[in-house]
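Colleague: Structure here, sequence nowhere to be found:
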């Protein structure tokens with residue numbers, strides 16, 4: 001069993017919980033997820049099965065799309081609704097749609113983020129949440145992420161109240177913390193804020209429309225129809241250009257040799273070589289030898 005299972009992770013489960021359950025359902029140990037979703041978040045979680053685990057990093061690196069509800073008026077220890085209140089502003093607040101849109105525009109593009117203490121980022125060999133659970137705070141590395149689009153999803157012209165909420169859609173790079181983005185939106189408006197709700201609606205080429213729940217996967221497995229929900233490796237590689245292997249490069253590709261760099265690598269960071277549409281190898285520019293390319297992943301055993 002090799003391929004990608006587009007799973008719809010339900011609230012209340014960790015990503016590891018999903019992997020654990022799928023190993024039992026599918027009766028295979030070679031199962032891996034492609035990017036952690038917090039227990040309170042539901043959404044698209046592509047699962048790699050069998051030899052497809054080799055491309056898990058490609059799916060993890062892919063862009064993500066989320067729909068979130070931002071709450072203005074209170075910050076929390078976890079930056080979401082599950083944490084304890086850190087700061088609260090109970091005054092009556094007012095801002096216009098134009099002001100909010102200006103803030104969203106200012107946070108679109110490359111921005112800096114400091115991961116929250118309740119996160120899986122490692123500092124000095126320990127996860128930040130391990131420090132946080134002990135009440136410890138450590139210095140966290142600020143990093144750059146990219147917000148490709150930040151869209152307001154309601155049609156209000158005036159936002160007013162002691163606590164104000166509004167929905168947004170975020171398309172972003174890997175490593176983006178939507179919880180932290182919610183806090184940043186609040187800071188730009190001049191108020192404490194947190195993320196109230198979050199759903200991941202897309203991960204790379206996978207969307208909510210082609211996802212299955214754990215219950216659906218179990219039923220398909222029981223009815224011997226599991227093949228209907230597992231997509232081929234090629235689906236996850238569809239963002240990269242594909243080149244059919246010809247006799248002139250067949251030997252070199254099969255042996256994983258270094259080759260002259262294809263012109264496509266000037267535009268794309270990777271190229272897929274295959275046979276009759278089936279991926280065999282993924283090549284990328286050689287890191288030290290200019291003008292050459294080398295294999296990054298090989299899939300000789302995937303059928």
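Modeller: Done, it's in. What you see is a predicted model, and the numbers here were worked out from it, not measured in a lab.

Colleague: So which residues of this structure form helices?
Modeller: 15-26, 56-61, 97-106, 128-133, 178-189, 214-222, 233-236, 250-254 (DSSP state H).

Colleague: Contacts made by the first one with the rest, please.
Modeller: Contacts with helix 15-26, where a contact means C-beta atoms under 8 Å, 6 or more residues apart in numbering, come from 1, 5, 7, 9, 29, 31-33, 35-37, 45, 47, 49, 214, 217-218, 221, 226. Backbone N, C-alpha and C define where each C-beta goes, glycine included.

Colleague: In the stretch 151-300 of the chain, what residue spans correspond to strands?
Modeller: 158-161, 164-172, 193-203, 206-207, 242-244, 259-260, 270-275, 278-285, 292-298 (DSSP state E, counting those that start in this stretch).

Colleague: List of residues touching the fifth one?
Modeller: Residues outside strand 242-244 that contact it (C-beta under 8 Å, 6+ apart): 234, 262, 264, 271, 272, 273, 274, 275, 276, 277, 279.

Colleague: where's the first one relative to residue 58, distance?
Modeller: When distance is defined by C-beta to C-beta, to the nearest Å, residue 234 is 12 Å away from residue 58.

Colleague: Of all the strands of the stretch 151-300 of the chain, which one is nearest residue 86?
Modeller: strand 193-203 (9.0 Å; C-beta to C-beta).

Colleague: and that closest one, how far from the chain's centre?
Modeller: 12 Å (C-alpha atoms, centre = their mean, to the nearest Å).

Colleague: got it, and stretch 42-57?
Modeller: Using C-alpha atoms, centre = their mean, the offset of stretch 42-57 from its chain centre is 11 Å.

Colleague: just stretch 99-115 next, same as before
Modeller: 19 Å.

Colleague: which residues touch that stretch?
Modeller: Contacts for stretch 99-115 (C-beta under 8 Å, 6+ apart): 121, 128, 140-152, 159, 166, 168, 176-177, 180-181, 184-185, 188-189.

Colleague: what's the span of it, first residue to last?
Modeller: 26 Å (C-alpha to C-alpha, to the nearest Å).

Colleague: Stretch 82-90 too?
Modeller: End-to-end distance for stretch 82-90, by C-alpha to C-alpha: 19 Å.

Colleague: What residues sit buried inside that stretch?
Modeller: Under the neighbour-count criterion of 16 or more other C-beta atoms under 10 Å, stretch 82-90 has 83, 89 buried.

Colleague: got it, and stretch 210-230?
Modeller: 211, 212, 214, 217, 218, 220, 226, 229, 230.

Colleague: The residues you listed into CSV, with extra columns for pLDDT?
Modeller: Listed next are those as CSV, based on pLDDT from 0 to 100:
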residue, pLDDT
211, 96
212, 97
214, 97
217, 97
218, 97
220, 96
226, 94
229, 94
230, 94
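
Colleague: Could you export those to TSV, including columns for distance to residue 254?
Modeller: Shown next, in TSV, are the buried residues of stretch 210-230 (distance: C-beta to C-beta, whole Å):
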residue	distance to residue 254
211	35
212	35
214	38
217	35
218	39
220	35
226	31
229	31
230	26
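
Colleague: residue ranges with poor pLDDT in this structure?
Modeller: 117-121, 123-124, 128, 301-303 (pLDDT under 70).
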